[in-house]
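Novice: Following is a predicted model, sequence given first.
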Amino acid sequence: MATPDTIVHLLRHGEVHNPDGVLYGRRDGFHLSDLGRQMAEKVAASLQHRDIVHLVSSPLERAQETAAPLAHAVGLDVRLDERVIESSSKFEGMSFAAGRNGLKNPSSWRHLWNPLRPSWGEPYKDIVARMMPAVHAAREAAAGHEAVVVSHQLPIWTTRLHLERRRTFLHDPRKRQCTLCSVTSLHFVGDRVTQIAYSEPAGDLIPVGDKHAPFSAGGAPEEKRP
């Protein structure tokens, strides 16, 4: 396998303080929990000795707060990029905690007719269309070195599906390989991805059975955490 000349790491944010189980999506005011801050610190410790020369974050608070310890560790400023923001969802603002489920309201059902689009939120192809230029911009900025882009579960996972040329974006959100503070590493030779690696530097901090955090993403939410 060809040796990569540039690596772009897609880092998912840490755990968010969300006691009401709100599908927060792109809403302001949702910050990392104490555990989420520990996750961010652990990821920073695991990445600080890598050849990182460029650091980008989604503008949402939880992403910026995840990027902050790494920025301090490697001595870089964090650049914000709207293209790596969370996906949009018609269910944003609904609560799914303590037995509550906004999808039980018949007014929500009209958004569930097409899981391929998906009909309840930003189409997967649109997520890819904004994420890939951001990934290549990071690659170009870090040419010959490494970059980190702090984003969100669905944008990262959809980008990976696209790069792996999977035939369909239809998938079970509970089976996304993109846990809290996970790192999906895109290895480039020139402008071509030659390998995709995945790691969970903060995996030991995530409670068993709580790795998917469905309240953040633009996929159809589950009634309770898997």
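Specialist: Perfect, I can see it now.
Novice: Where does the prediction get shaky in the chain?
Specialist: Residues of the chain that meet the criterion pLDDT under 70 lie in 1, 89-121, 167-173, 209-226.
Novice: switch to 80 and redo it
Specialist: 1-2, 88-121, 167-175, 207-226 (pLDDT under 80).
Novice: Next, name the residue at the spatial heart of it.
Specialist: With distances taken as CA atoms, centre = their mean, residue 152 lies nearest the centre of the chain, 2.0 Å away.
Novice: Residue 143 contacts residue 5, doesn't it?
Specialist: Yes. Taking CB atoms under 8 Å as the definition, residue 143 is a contact partner of residue 5 at 7.4 Å. For every residue, glycine as well, the C-beta is placed using N, CA and C.
Novice: before we move on, which element is the closest residue to the residue nearest to the centre of the chain other than its chain neighbours in?
Specialist: In space, not counting the residues next to it along the chain, residue 152 is nearest to residue 86; the distance is 4.2 Å by CB to CB, 6 or more residues apart in numbering. Per DSSP states H and E: residue 86 is located in neither a helix nor a strand.
Novice: Just give me the neighbour total for residue 86.
Specialist: Close neighbours of residue 86, defined as other CB atoms under 10 Å, add up to 27.
Novice: and what of residue 193?
Specialist: Neighbour count for residue 193, taken as other CB under 10 Å: 17.
Novice: the helices in this protein, which residues?
Specialist: Here the chain has its helices, by DSSP state H, at 34-47, 61-74, 106-109, 124-141, 153-163.
Novice: Name the surrounding residues that touch the longest one.
Specialist: The set of residues that contact helix 124-141 without belonging to it, under CB atoms under 8 Å, 6 or more residues apart in numbering, is 6, 8, 10, 53-54, 56, 81, 83-84, 87, 116-118, 147, 149, 151, 154-155, 158-159, 161-162, 169, 186, 188, 191, 218.
Novice: For stretch 186-204, measure first residue to last.
Specialist: Stretch 186-204 has its terminal residues 23 Å apart, counting by CA to CA, to the nearest Å.
Novice: same deal with stretch 24-43?
Specialist: Stretch 24-43 has its terminal residues 23 Å apart, counting by CA to CA.
Novice: List the buried residues for it?
Specialist: Buried residues in stretch 24-43, counting neighbours by 16 or more other CB atoms under 10 Å, are found at 24-26, 30, 32-33, 35-43.
Novice: For that stretch, what is the distance to the chain centroid?
Specialist: With CA atoms, centre = their mean, to the nearest Å as the basis, stretch 24-43 stands 12 Å off its chain's centre.
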